[in-house]
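In: Fold the following and give me the result.
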Amino acid sequence: MEANTEDRFVEMVTESQGIIHKVCNIYCDDREHRKDLFQEILIQLWKSFGSFKGEAKFSTWMYRVSLNVALQYVRKEQKKPRQTQLSDEMKNLSDTISDDSYEEDLKQLYQAISQLNDIEKAIIMLYLEDRDNEEIAEIIGISQNYVRVRMNRSKEKLKRILNAQ
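Out: Here you go, the predicted model:
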């Protein structure tokens with residue numbers, strides 16, 4: 001690809017990188033996994049950038065690619081045996097102790113969202129981004145009616161999870 005294309009890609013991704021961070025936070029609870037997923041998403045965005053035709057907003061396309069990569073990553077990670085190091089647990093504990101109230105609430109929300117299934121996670125994440133049902137349906141590839149139904153169920157599920165904490 002030519003330098004102009006590369007510059008355009010970097011500029012567009014830089015403007016919308018919050019999308020990638022949100023996807024990583026929703027689908028990964030471990031800092032190292034979030035970094036790995038972030039890199040995988042960037043690689044796939046670069047590989048797919050030539051196919052971006054501008055028919056949808058860049059952020060919509062970026063969400064779709066990011067969600068697809070995240071779902072593949074989660075499936076791949078679920079097949080691996082998980083080991084947690086004690087030092088990681090201690091680090092997480094110290095992170096929790098140093099968090100202020102807002103960050104703690106946000107952390108609880110992400111933990112609650114992590115208990116949802118993959119489609120519910122995607123819908124809630126996009127909802128929190130103030131995406132309308134039409135755009136959510138386009139990004140995920142489902143009908144608007146299905147988005148509404150799953151949105152309501154997901155909100156109720158989150159309420160139950162958060163009230164139980």
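
In: check which helix or strand covers Ile124.
Out: Take DSSP states H and E as the rule and Ile124 turns out to sit in helix 118-128.

In: any idea how far that helix is from the chain center?
Out: Centroid separation for helix 118-128 versus its chain: 8 Å, with Cα atoms, centre = their mean, to the nearest Å.

In: Name the surrounding residues that touch it.
Out: 22-23, 26-27, 63, 67, 71, 74, 113-114, 116, 135-136, 139-140, 142, 147, 150-151, 153-155, 157-158 (Cβ atoms under 8 Å, 6 or more residues apart in numbering). (C-beta placed from N, C-alpha, C; glycine too.)

In: measure Tyr63 to Gly54 for me?
Out: Using Cβ to Cβ, to the nearest Å, we find Tyr63 at a distance of 15 Å from Gly54.

In: before we move on, the earlier item: just the CA trace of the helix holding Ile124, in CSV.
Out: Provided in CSV are the C-alpha atoms of helix 118-128 (Å, rounded to 0.1, in the frame of the first residue of the first chain):
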residue,chain,number,x,y,z
ASP,A,118,-21.0,-12.8,23.3
ILE,A,119,-24.0,-11.2,21.5
GLU,A,120,-25.2,-9.5,24.7
LYS,A,121,-21.8,-8.1,25.3
ALA,A,122,-21.6,-6.6,21.8
ILE,A,123,-25.1,-5.1,22.0
ILE,A,124,-24.5,-3.6,25.5
MET,A,125,-21.1,-2.2,24.4
LEU,A,126,-22.6,-0.5,21.3
TYR,A,127,-25.6,0.7,23.4
LEU,A,128,-23.1,2.3,25.9
